[in-house]
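[1] Pasting a predicted model and its sequence here:
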Amino acid sequence: MTSAGTLTGPSSPHAPAPAVRESAGGAPHRSLWLILPPLLAALVLALAGAVSLGTVNIPFGDVWAIVVHRLAPGTFTPWWTAAREAIVVDSRLPRALTAAVVGAALAIAGVVAQAVTRNPLADPYLLGVSSGAGFGVVLVTVLGVGGGALGAFTLPFAAFLGALVPLAGAVAVSVRAHAVTAIVLVGVAMSMVFSAATTFTLLVLGDDHQLGTVMRWLAGGFGDATWSMLTVPALVLLVVGGGVLLCGRQLNLLLVGDDGATALGLDVRRFRILILLAVSLLTAAAVAVSGTVGFIGLLIPHVAGHLVGRNSVRSIPVAAVAGALALVLADVVARSVSSSTELPVGVVTGLLGAPAFLVMLWRSYGREW
Amino acid sequence: MPVDFRRPARDAAAALAVLTVAIAALTGCSRGADTGAGPSAAAFDEPVSITNCGRTATYDAPPQRIVSMNDHVTETLIQMGVGDRIVGMGYGEKDDPLPETAEQFRAIPSLAAEYPTYEQIRDLEPDLVVGGMRSAFDDKTGRGRDALEQAGIHTFLFSEYCGAGFSDIALLENDFAQLGALLGAEEQAAELTESITTELDAVRARLEQAGVAPVRTFFYDSGEAEPLSVGGVGIGNLIADYAGADNITAEGPKPYFTTGWEIVGERAPEAIVVLDYGATSAQDKIAYLKNQPIVATTPAVRNDRFVVVPLDDFFESSRMVDSVATIARGLHPAAFPDAQ
């Protein structure tokens, strides 16, 4: 009943405390110990699969001998070529791990966005944060604004600045209006503005031959992942993701409504601004390396809620691992569907994510209503 | 803010910590490896330095393992006599390579219907990757020039796609001279350049001799809502120039750019060159133009003056000679009495 409760409850923003029903509900309160270890194991398996597969057929044994050789030099005398070692260590590994980090970051951003707006539709997309971040990156890549001033940090920083604008809109509205629905509406408006601005930049200001490149970038992908590109999102995930996890109890307080949370001693306005800032950071870090990958931020929080209930303390870690798992698998699909070309990973998450979401909604409503 | 270290928090922290350690270990180690160098031929007496698209590269020896990303690049390299050094090519499934290159072209391993992946390129251990379009070195797919050069692989991009357009044949002359120098094939490269410029000049001379005036021409690439046309800085405009065509959209700041039907109608082209490629056939494009209410009013449609050119011949290679000849003959039949 929990997921159904939270799915419908927030459609009227002042609905009385779904959290009360949540804590009374039984089924979704499965122990984290039952959920998290299998999910982690699945993630490790998926990562292993992602490193083992690719456009060049490298024998399974060679792949793992290379990895072991790198972790513990001297274990083997290399019988493989330096090129294959580079393919495994400098291309496939950072690619798989980047997918995992981005998936985790987007999923956490989604859980938190849904909790803080008490709206099951909220995700980095709907809040406009993704399109803002995407626009920031398009400005840098198409127009050369900033010209690599910050080195490896240029793109993440541009993405973050872009993500701050819709965030500022959301904050301004949340200060003025008490209805959290307004935040979501601002987000929708913002994402329209930014996708228009992105299209304008691409079609009018950009060079037609960049069109394909940037379209591909916008559709998301991990083909260019490197170890150095992985550092920023990994750090953001650790620091911001960890911080958000520690705020899980405060996030839960929001479930009883702003007034209730205030009564329980939470400075709701300040907390909401901080949390929205965290959502922007997580999303920007993800978008800067991967492009805009859809559906993870919307689908995974619902999966997590389905598994362990809407309690943020429990759903954040589950969502992080499930998001990582989903995106690693999506990337494997993206590069193995066709032998001659890679699909953008955003296309895969959209095509597979939407039906999965429908099935999940169908089942949860079918059972619990 | 009360901090509550509950189990879930610790679980997640532990998971993240494991991930971080793994990353650190692998990153730390990943610097040790050296990229294997391919078999090297006799080194240059003095290293050859070239600047391509603003990137300077120094070659100690002519590359022996080349990956060619585009079909016109493959053809050009074969024409320069280094086809046997190509270890793999993108766009390798072309059914009609230039006749003089066809035999060697078909013998080169085709890596993909379009571009090969970064992995495929690395696995071949090339010492040079040559691209003919910007998309050949698409960063997002991992095969950007930075990524390849970091792996110790030289890259060369036909300058038509460096970003400043292709408004003078000197660009091709310079590119081919550089390729010749770095490949140790100066003579063949110079001969190739010479044959291209000679043929282009011959067409121009013939038009001048016949005393024909340039024909106001609309270059139609594609598009129904708005037409994609040829601007003033790309190969299209250069070809128009040699072929006695006056490009009506030469003010366009890019090689290809989107214009409007009203502009096309207002400028009343006398002829239309249709670029043939992709899913829409040239016949369908012409049919569309004839039914487009504004274009239907132009002298080009009223006199049914269309010339079809394959887009394949709109690249920086000897193929551009073919499109110049086709357009010149189509627009100025009087200058080519022997034709028909």
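    Yes, it's here. Numbers count the residues shown, from 1 in each chain, chains lettered A, B, ... in the order given.

[2] I'd guessed A:Gly223 sits against A:Glu342; true?
    Yes. Using C-beta atoms under 8 Å, A:Gly223 is in contact with A:Glu342, at 6.3 Å. Yep, even glycine has a C-beta here, placed from its N, CA and C like the rest.

[3] Show me whatever sits in contact with both of the two.
    Counting by C-beta atoms under 8 Å, 6 or more residues apart in numbering or on different chains, the contacts common to A:Gly223 and A:Glu342 are A:335, B:117, B:141.

[4] so where is the stretch 251-369 of chain A shaky, pLDDT-wise?
    Within the stretch 251-369 of chain A, the set of residues satisfying pLDDT under 70 comprises A:339-341, A:364-369.

[5] In it, which residue sits nearest chain B?
    When scored by C-beta to the nearest C-beta, the stretch 251-369 of chain A has A:Pro317 as its residue closest to chain B, at 3.8 Å.

[6] what's the burial count for that residue?
    32 (other C-beta atoms under 10 Å in any protein chain shown).

[7] Kindly list the main-chain dihedrals of it?
    The main-chain torsion angles of A:Pro317 are listed as degrees, to the nearest 10 and equal phi -60, psi -40.

[8] my read: it touches A:Leu32, true?
    Yes. Taking C-beta under 8 Å as the definition, A:Pro317 is a contact partner of A:Leu32 at 7.1 Å.

[9] where exactly do the helices run in the stretch 101-250 of chain A?
    A:129-143, A:154-176, A:181-200, A:208-218, A:227-236, A:242-246, A:248-254 (DSSP state H, counting those that start in this stretch).

[10] give me the number of residues near the nearest residue to A:Ala172 once chain neighbours are set aside?
    Residue nearest to A:Ala172 in three dimensions, not counting chain neighbours: A:Val186, with 8.0 Å by C-beta to C-beta, 6 or more residues apart in numbering or on different chains. Using other C-beta under 10 Å as the criterion, A:Val186 is surrounded by 22 other residues.

[11] How about A:Thr262?
    With other C-beta under 10 Å as criterion, A:Thr262 counts 14.

[12] secondary structure element for it?
    Taking DSSP states H and E as the definition, one finds A:Thr262 inside helix A:258-263.

[13] before we move on, what about B:Gly232?
    Taking DSSP H and E as the criterion, B:Gly232 maps to no regular element, lying outside all helices and strands.

[14] Just give the number of residues close to it.
    Burial of B:Gly232 is recorded as 19 neighbouring residues (other C-beta under 10 Å).

[15] Distance-wise, check it relative to chain A.
    Summarising the geometry, the distance separating B:Gly232 from chain A, computed by C-beta to the nearest C-beta, to the nearest Å, is 14 Å.

[16] OK, contacts around that residue?
    For B:Gly232, the contact set (C-beta under 8 Å, 6+ apart) comprises B:167, B:247, B:249-253.

[17] how about a cut-off of 7 Å?
    Contacts of B:Gly232 were listed using C-beta atoms under 7 Å, 6 or more residues apart in numbering or on different chains, and they are B:247, B:250-252.

[18] Ok, B:Val230 next?
    Applying C-beta under 7 Å, 6+ apart, one finds that B:Val230 lies in contact with B:219, B:221, B:236-237, B:247, B:249, B:256.

[19] Show me what it is bridged to.
    With beta bridges defined as DSSP bridges, B:Val230 has these partners: B:Tyr256.

[20] distance of A:Leu155 from A:Val303?
    With the distance defined as C-beta to C-beta, to the nearest Å, A:Leu155 ends up 29 Å from A:Val303.

[21] ok, now B:Ala185?
    Note on B:Ala185: its distance to A:Val303, by C-beta to C-beta, is 59 Å.

[22] Next up, phi/psi of the residue in the stretch 1-150 of chain A positioned nearest to chain B, please.
    Distance from chain B to each residue of the stretch 1-150 of chain A (C-beta to the nearest C-beta) is smallest for A:Ala82, at 3.9 Å. Phi and psi for A:Ala82, reported as degrees, to the nearest 10, are phi -60, psi -30.
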